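**Q** Need coordinates for the below:
(one chain, ligands or ions: 1)
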Amino acid sequence: MSFEMTTQKDQIDLYLASGSPRRKELLAQTGVTFERIAAPVDETPLPGEKARDYVLRLAHAKAESGWQAMIAQSLPVRPVLAADTTVVLGDAILGKPENAVDATQMLRLLSGSSHEVLTSLGLRHAGGVEVVLSTSVVHFAQLTDAQIADYVASGEPMDKAGSYGIQGRGGLFVSRLEGSFTGVMGLPLHETAVLLGKYGMGFLA
Ligand SMILES: Cc1cn([C@H]2C[C@H](O)[C@@H](COP(=O)(O)OP(=O)(O)OP(=O)(O)O)O2)c(=O)[nH]c1=O
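**A** Residues are numbered from 1 along each chain as shown. All right, here's what the predicted structure looks like:
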């Protein structure tokens, strides 16, 4: 009979500081193992803040907040990944709708025009925070009031920036996309895999 020595190793690569089910599902595709950690952050834009500055600030803040939660709870030290997604129409930042009226207004604004979707990633590690930005342009078909009302009643817009989900029924409104489909969904897969790969994690390590 032979005995093999096995060393007990921490099998978890990182924490995901996000409550978004889309981000959890997408991150799993990059080949990392992770646990979620709660990282509450005030998502109010600063007065006059540009959309790009806003999403980068939030990804940074969410990753830092997750790191601080890890320390406060004496959890094993691992990198913390976070993200933020914002829909931008002209100078307006469209976040998650507060209610059905808000969602209806946003969808009316998006109907028949093009907008940008910015998703930033923040990775907090022992040496600091690295942030990365993914930018996409989404073209919406002209929507009727009935289509908008029906979509809002489905409930899908309620937890999503810009009041739609490209991965769901909202995808029916998208006539063209330039950029990253997964970035619009909330976690750009390519950029995420490259960022994690730089730190020796996942399939692109
Ligand atoms: C535009 C768009 C956004 N979204 C979602 C992605 C994000 O979950 C959400 C934008 O809000 P965020 O504030 O980026 O994220 P969140 O509050 O849902 O999660 P957390 O801060 O805990 O990470 O909108 C889609 O699912 N599909 C889309 O097409």
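**Q** Sticking with the nearest residue to G186 once chain neighbours are set aside, tell me its helix or strand.
**A** Nearest-residue entry for G186: R22, 4.5 Å, with adjacent residues in sequence omitted and distances by C-beta to C-beta, 6 or more residues apart in numbering. All C-beta spots, glycine's among them, are computed from the backbone N, C-alpha and C. Under the criterion of DSSP states H and E, R22 resides in helix 21-28.
**Q** sorry, back to before: what sits against the residue nearest to G186?
**A** Neighbour list for R22: 167, 185-187 [criterion: C-beta atoms under 8 Å, 6 or more residues apart in numbering].
**Q** Out of the residues you listed, flag the one nearest to the ligand.
**A** Of all the contacts of R22, G186 has the smallest distance to the ligand: 3.1 Å, by C-beta to the nearest ligand atom.
**Q** what about that closest one, how many neighbours?
**A** Using other C-beta atoms under 10 Å, G186 has 24 neighbouring residues.
**Q** How confident is the prediction for the residue nearest to G186, by pLDDT?
**A** We have a pLDDT of 95 for R22.
**Q** average pLDDT for the longest helix anywhere in the chain?
**A** Counting by DSSP state H, the longest helix found in the chain is helix 51-72. Helix 51-72 carries an average pLDDT of 98.
**Q** Which other helices and strands does it contact?
**A** When contacts are defined as 3 or more C-beta pairs under 8 Å, 6 or more residues apart in numbering; DSSP states H and E, helix 51-72 packs onto strand 80-89, strand 114-125, strand 128-140.
**Q** Make a markdown table out of these and add mean pLDDT, mean neighbour count and distance to the ligand.
**A** Formatted as a markdown table, the helices and strands packed on helix 51-72 follow (pLDDT from 0 to 100; neighbours: other C-beta atoms under 10 Å; distance: least, C-beta to the nearest ligand atom, whole Å):
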| stretch | mean pLDDT | mean neighbour count | distance to the ligand |
| --- | --- | --- | --- |
| strand 80-89 | 98 | 26 | 4 |
| strand 114-125 | 98 | 23 | 5 |
| strand 128-140 | 98 | 18 | 8 |
